[in-house]
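Visitor: Based on what follows, work out the 3D shape:
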Amino acid sequence: MTATPTGYVTVVWDAKAKAGREADLKAFITAAVTPSRDDPGNIDYEAHEVEGRPGDFVIYERWETRAHLEAHLAAPRMQELVPQMLELIDGYIEDGIRLLRPFRPAH
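Guide: Take a look at the predicted model:
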């Protein structure tokens, strides 16, 4: 993961619930949003469910620096949540992670 030229880091995470666990994953994500927003260095932390596709979720996060993101991921709370999340999602956490790097067209 690399910081953008302005320093902040943007993460998009796609997650699909295991069959029959759609409501459980939605509740899990809902409960995790506010504590993540309260982590130092968080700019945005938004959870979305893909319209027309229950159980498909997208989390959009922005962090002031890579160090803030890494501290968030290393927090004891997050370490406890990972095994629970793996019980609810189809695949692995890393499968859905994408890092975004902004760019602007030349004038």
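Visitor: List the contacts of the residue nearest to Asp56 when sequence neighbours are not counted.
Guide: The shortest distance from Asp56 to any non-neighbouring residue, by C-beta to C-beta, 6 or more residues apart in numbering, is to Val50 (4.0 Å). For every residue, glycine as well, the C-beta is placed using N, CA and C. Val50 makes contact with 56-58 under the criterion C-beta atoms under 8 Å, 6 or more residues apart in numbering.
Visitor: Surely Glu49 and Asp56 touch.
Guide: Yes. Between Glu49 and Asp56 there is a contact at 6.8 Å, judged by C-beta atoms under 8 Å.
Visitor: picking up where we left off before, show me which of the contacts of Val50 are buried.
Guide: 56-57 (16 or more other C-beta atoms under 10 Å).
Visitor: Let me have the contacts of Val50 in a markdown table, extended by secondary structure and distance to Lys26.
Guide: What follows is these, written out as a markdown table (DSSP: H, G, I helix; E, B strand; the rest coil; distance: C-beta to C-beta, whole Å):
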| residue | secondary structure | distance to Lys26 |
| --- | --- | --- |
| Asp56 | strand | 10 |
| Phe57 | strand | 7 |
| Val58 | strand | 12 |
